[in-house]
Every structure is written in structure tokens, then in C-alpha cells.
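[1] A predicted structure for the sequence below; I have some questions about it.
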Amino acid sequence: MNSRILNISLSLSLGVGALFLGGCGKQSEADLLAEAQLCLDKATSSTAQACALKISALSSAQSYIIRCSADFIEEGFDSPDKLANALNQITGGSSNSATSGMLSALAFTTKLSNSSNSTHASNADQTFDFCKKSEQKGLSMIAMLAKTATQIAGLVDDANLGTIDFTHPETITAGSISTAISDLVNTHDTILQAHAQESVGSAVQTVYSSTCSAGSQANADICNQISAAAAAAPGGIDLTTSTPAEIGSALLSYWKNLNP
């Protein structure tokens, strides 16, 4: 994953930060976006959502970049480099440990720390929706991975499989995510397995066509993994016409079978 592109996507927000505040009277959309961006530039995990509230009445792609970025800052990614470092774990390679390390770094754990796992998943769902509407390929892919990681971790925690415990975020590691993926592939609980396949596949299918198009170098590494997973599935699958469950099954199995 190209960290320069990530830095541009998250911190410059399509050049919103270069806009300037207008004069007296009712604020224009450009004014509101600029004010929110200036706020976000200095935001912490506890103040990021106040910045997003400044553009609550807007529905442009630029406003969704602000919302997407605010969610990640609230989650603890207060620097674009933190996102880049997580994603760069799979750059130039495709091992189980690298992929699991990336997913463990992106799982949402800090928002509403006393909440249930389902709330962590819903937070990641909201962020995914915001980032898709930003029309930024890099942000859409990051949010898809964060949603996938959070759902994987939450499902095994709810089912008391493995060692992941959302009340102790430090338990979400490369090793525990790797074990979680294996557990979801191998489980005899067909309902749990179907839920995992559907949730992972649905997120991937939603963004694959738009983020993995030719020339999308920012997403090349993870896109290559998704394509390889489709090819490795029995008989191969078409990522544009297969069901979410088929896509999720293929990707989870591929991640499980990567050599550590």
C-alpha cells in the first residue's frame, strides 16, 4: 500500500485543508469544510467527532472524507503514518503473519470501550459507509479492512473461540487474528461460519470493483490477495457475480492457507 497516497487521502482531504474561511454572513460549504478540516488537523481521539459535527448538514464527497477521517482519528489513528504502517505490513509479500498483523492493527477496539462487540462492529460499519461515500479508493479499502478485521475479532470473541477479548484490546494480535481466521474456517458452527463468510464477502464485494481497478496502485497488495483468493477457490469464482458468502469463504480460506 502506497503510504504517500494514504497520507494525501487522510490528511489533505481532497485539498479541503487548502480552502479558506469566508467573510461575514452564512457560511458556504467551502467555509464549513475548511473549518472542519482545520479542526481535524489538531484533533485527538476525544475531539475528532466535534470536528465532524461542523459539516453535519453536508452530503458532498468532501464532507464524507472529513467523517471518515474523524472516525479513524477517534479510533486512535491520529496520524496518517499509523494507517500506512499497518497496511505496509503486507507490501511486497503475502504471508499469514503479515496479513494478520495488518488486520489486528486495523480492528476497531477503542471506541465506546465498555460496549458490546456488536457496537464495535457497528462503529466499523459506519466508518465503512462514510469512507465509501468519500469516493476515495484508498479510504474505501482501509475502511473495508477495518470492518473485516473488527467483525472477525468480534465473532470469535462472542463465540468464545481463541483468545480475543474486546475488554482487553491487547489480545487482538497478529497471532490471535490468525487463529480467529482458522477457527472461522474450521468451525462446525455453520451459523457462525455463514455469518463470517457473508460479512467479509459483502464488504469486499462492495468496494472491489471501484478500488481494485487497473492502475490503482494504492490498493495493489490487498487487491492481489483478493484476486488470488478468488482464483484459489474450488473451480475459481468471479468476484463481480459470486455471492458475498462465496467471496468471504474464498478470502478467509486463502488467508488461513497462507504460509506463515
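    Perfect, I can see it now.
[2] check contacts around the closest residue to residue 178 other than its chain neighbours.
    Closest residue in space to residue 178, ignoring its immediate chain neighbours: residue 100 at 4.1 Å, by C-beta to C-beta, 6 or more residues apart in numbering. Using the backbone N, CA and C atoms, a C-beta is placed for each residue, glycine as well. Counting by C-beta atoms under 8 Å, 6 or more residues apart in numbering, residue 100 touches 174, 175, 177, 178, 181, 255.
[3] of those residues, which is the nearest to residue 122?
    The closest of those to residue 122 turns out to be residue 177 (C-beta to C-beta; 19.9 Å).
[4] isn't that closest one right next to residue 103, touching?
    Yes. The pair residue 177 / residue 103 is scored as a contact, 4.9 Å apart, by C-beta atoms under 8 Å.
[5] overlap in contacts, the two.
    149, 152.
[6] lowest confidence element among the helices and strands of the protein?
    helix 3-7 (a mean of 41; mean pLDDT, DSSP states H and E).
[7] list the buried residues of the helix or strand where residue 138 lies.
    Using DSSP states H and E, residue 138 maps to helix 137-158. The neighbour-count criterion (16 or more other C-beta atoms under 10 Å) identifies 137-158 as the buried residues of helix 137-158.
[8] just stretch 196-213 next, same as before
    Buried residues in stretch 196-213 (16+ other C-beta under 10 Å): 196-208, 211-212.
[9] which members of these occur in helices, if any?
    Among the buried residues of stretch 196-213, the ones falling in helices (DSSP state H) are 196-208, 211.
[10] need those residues in a markdown table with pLDDT, can you?
    Converted to a markdown table, these look like this (pLDDT from 0 to 100):
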| residue | pLDDT |
| --- | --- |
| 196 | 95 |
| 197 | 97 |
| 198 | 96 |
| 199 | 93 |
| 200 | 95 |
| 201 | 96 |
| 202 | 94 |
| 203 | 93 |
| 204 | 94 |
| 205 | 92 |
| 206 | 90 |
| 207 | 90 |
| 208 | 90 |
| 211 | 87 |
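[11] now, which of the contacts of residue 100 sits nearest residue 47?
    residue 177 (29.6 Å).
[12] angle of the helix or strand hosting that closest one against helix 137-158?
    Using DSSP H and E, residue 177 sits within helix 174-186. Calculated by axes from the mean of the first three to the mean of the last three C-alpha atoms, to 10 degrees, helix 174-186 forms an angle of 70 degrees with helix 137-158.
[13] hmm, back to that, distance of the residue nearest to residue 178 relative to residue 153?
    Using C-beta to C-beta, to the nearest Å, residue 100 is found at 11 Å from residue 153.
[14] where does pLDDT dip in this structure?
    For the chain, the stretches flagged by pLDDT under 70 are 1-25, 80, 87, 89-96, 110-121, 214-219, 259-260.
[15] helices of that one, start to end?
    3-7, 29-41, 48-53, 61-74, 80-87, 96-106, 117-133, 137-158, 174-186, 190-211, 220-232, 244-257.
[16] would JSON lines of these with distance to residue 167 be doable?
    Output for those, formatted as JSON lines (distance: least, C-beta to C-beta, whole Å):
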{"stretch": "helix 3-7", "distance to residue 167": "30"}
{"stretch": "helix 29-41", "distance to residue 167": "29"}
{"stretch": "helix 48-53", "distance to residue 167": "23"}
{"stretch": "helix 61-74", "distance to residue 167": "19"}
{"stretch": "helix 80-87", "distance to residue 167": "22"}
{"stretch": "helix 96-106", "distance to residue 167": "16"}
{"stretch": "helix 117-133", "distance to residue 167": "10"}
{"stretch": "helix 137-158", "distance to residue 167": "9"}
{"stretch": "helix 174-186", "distance to residue 167": "14"}
{"stretch": "helix 190-211", "distance to residue 167": "20"}
{"stretch": "helix 220-232", "distance to residue 167": "29"}
{"stretch": "helix 244-257", "distance to residue 167": "25"}
